[in-house]
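**Q** Return a 3D structure for these sequence lines:
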Amino acid sequence: MSGTFVVNTLPTKVLSDVGATHSFINLAIAKQIACYLEDVDVQLCVPIPIRSMYQSELIARNCSIIIQKKMFLGDLILLGI
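**A** The predicted structure is shown next:
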């Protein structure tokens with residue numbers, strides 16, 4: 001599913017997999033939305049179609065995500081792609 005959600009007050013194009021265990025955000029977008037960034041405890045290896053594996057070391061904590069006028073807080077793992 002894809003659509004535009006408001007993430008920390010910025011309308012953001014989102015690709016969503018409701019069966020996924022984690023949520024991700026592009027590094028360039030994360031810098032624009034002013035989420036608190038921190039190192040993850042364990043480096044995450046994420047399989048992606050354009051490359052066999054992508055490693056992520058940062059997470060955006062407590063980002064507000066508004067979907068159909070309801071606000072949720074979420075942690076978004078940063079991907080530099």
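**Q** Neighbours of residue 65, how many?
**A** The burial metric for residue 65, expressed as a neighbour count using other CB atoms under 10 Å, is 17. For every residue, glycine as well, the C-beta is placed using N, CA and C.
**Q** repeat for residue 27
**A** Under the criterion other CB under 10 Å, the count of neighbours that residue 27 has is 14.
**Q** so residue 30 sits in a helix?
**A** Yes - judged by DSSP: H, G, I helix; E, B strand; the rest coil, residue 30 forms part of a helix.
**Q** if I look at it, how far off is residue 40?
**A** 14 Å (CB to CB, to the nearest Å).
**Q** Residue ranges in this protein under the pLDDT threshold?
**A** Across the chain, the stretches falling below the confidence threshold (pLDDT under 70) are 1, 15-16, 51, 81.
**Q** Touching, residue 80 and residue 29? I think so.
**A** No - in terms of CB atoms under 8 Å, residue 80 does not count as a neighbour of residue 29; the distance is 11.1 Å.
**Q** of those two, who's got more company?
**A** The residue with the greater number of neighbours, taking residue 80 and residue 29 and applying other CB under 10 Å, is residue 29; the counts read 18 against 11.
**Q** list the contacts for the more buried one?
**A** Contacts of residue 29 were listed using CB atoms under 8 Å, 6 or more residues apart in numbering, and they are 7, 10, 12.
**Q** Let's see if you can find the most crowded of these.
**A** Result: residue 7 is most packed of the contacts of residue 29 (other CB under 10 Å), 22 neighbours.
**Q** Look up which helix or strand residue 38 falls in, please.
**A** Using DSSP states H and E, the element containing residue 38 is strand 36-48.
**Q** Tell me the neighbouring strands of that strand, and mark each as parallel or antiparallel.
**A** With DSSP bridges as the test, strand 36-48 is paired with strand 51-67 (antiparallel).
**Q** can you pull the buried residues of the partner strand?
**A** Residues of strand 51-67 classed as buried under the neighbour-count rule (16 or more other CB atoms under 10 Å) are 56, 58-60, 63, 65.
**Q** Residues touching the helix or strand following that strand, excluding its own?
**A** Next helix or strand after strand 51-67 toward the C-terminus (DSSP H and E): strand 70-79. Outside strand 70-79, the residues within contact range by CB under 8 Å, 6+ apart are 7, 22-27, 30, 35, 37, 40, 44, 46, 48, 54, 56, 58-66.
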